[in-house]
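Q: Okay, sequence plus prediction incoming.
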Amino acid sequence: MTKEESQFYAGAIWAASTIYRMHSDSVVAKDFLREINDLDVAAKCGAEYDVLPLRLFVLRDLPLGHDADYEAISFGPVDRHGNIICDHSQTSVTDISGQRAYGVYARRAGESNLTLIDNLDDEEEAEPLAKVLAEQLQQIKEGRYDI
């Protein structure tokens with residue numbers, strides 16, 4: 001991919017993200033994204049700052065942006081406010097009260113968890129999405145994130 005193509009895709013992701021952030025209109029943002037050829041490639045060219053709201057509120061299967069700097073990605077149950085209750089490895093579902101859904105989240109050094117994907121029905125839906133994003137994060141850290 002040429003530098004110009006990469007910049008074009010990054011600009012398209014920025015535009016879609018700006019549409020969503022300014023107007024909270026997921027329908028228009030989704031329509032805009034569907035017009036982008038090679039959407040996964042485009043999202044990988046974009047900054048994670050721009051991809052995150054699109055993944056969270058518009059299309060949950062978007063990959064990480066090229067500059068994602070999370071320490072780790074995991075999944076777990078969320079409460080009615082969308083906050084992660086605990087990491088999936090810390091407790092079983094039967095031990096959790098107030099759970100309404102699952103989410104995929106990222107950890108950053110010295111910060112609270114950041115939700116990447118919300119409103120997933122169960123662990124079976126959350127786990128594969130978390131695994132894909134964790135693999136992408138590892139590729140970014142190793143400098144082999146294919147764009």
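A: Looks like it came in fine.

Q: residue ranges of the strands in this protein, please?
A: With DSSP state E as the criterion, the chain has strands at 72-78, 101-107, 114-120.

Q: quick one, the second one and strand 72-78 angle?
A: Taking axes from the mean of the first three to the mean of the last three C-alpha atoms, to 10 degrees, one finds that strand 101-107 is oriented at 150 degrees with respect to strand 72-78.

Q: how much distance is there from strand 101-107 to the middle of the chain?
A: Put simply, strand 101-107 sits 9 Å off its chain's centre (C-alpha atoms, centre = their mean, to the nearest Å).

Q: next one: the first one
A: Offset of strand 72-78 from its chain centre (C-alpha atoms, centre = their mean): 12 Å.

Q: one step back: could you export the strands of the chain as TSV, including distance to V27?
A: For the C-beta atoms, the positions are set from N, CA and C on the backbone; glycine is no exception. TSV is the format used below for the strands of the chain (distance: least, C-beta to C-beta, whole Å):
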stretch	distance to V27
strand 72-78	24
strand 101-107	22
strand 114-120	17
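
Q: and of those, who's closest to G143?
A: Closest to G143 of the strands of the chain is strand 72-78 (C-beta to C-beta; 17.8 Å).

Q: what helices or strands is the closest one leaning on?
A: strand 101-107, strand 114-120, helix 123-141 (3 or more C-beta pairs under 8 Å, 6 or more residues apart in numbering; DSSP states H and E).

Q: wait, which of the strands of the chain is closest to I140?
A: Across these, closest to I140 is strand 72-78 (C-beta to C-beta), at 10.9 Å.

Q: Check the spacing between the most centrally placed residue in the chain and T2 real quick.
A: In the chain, the C-alpha nearest the mean C-alpha coordinate belongs to L116, at 3.9 Å (C-alpha atoms, centre = their mean). Counting by C-beta to C-beta, to the nearest Å, the gap from L116 to T2 is 29 Å.

Q: Could you do Y49 as well?
A: Following C-beta to C-beta, the distance that separates Y49 from T2 is 23 Å.

Q: buried ones in the worst-scoring helix or strand of the chain on mean pLDDT?
A: For the chain, using mean pLDDT, DSSP states H and E, the weakest element among its helices and strands is strand 72-78, scoring a mean of 88. By neighbour count on 16 or more other C-beta atoms under 10 Å, the buried set for strand 72-78 is 73-78.

Q: Fine by me, thanks again.
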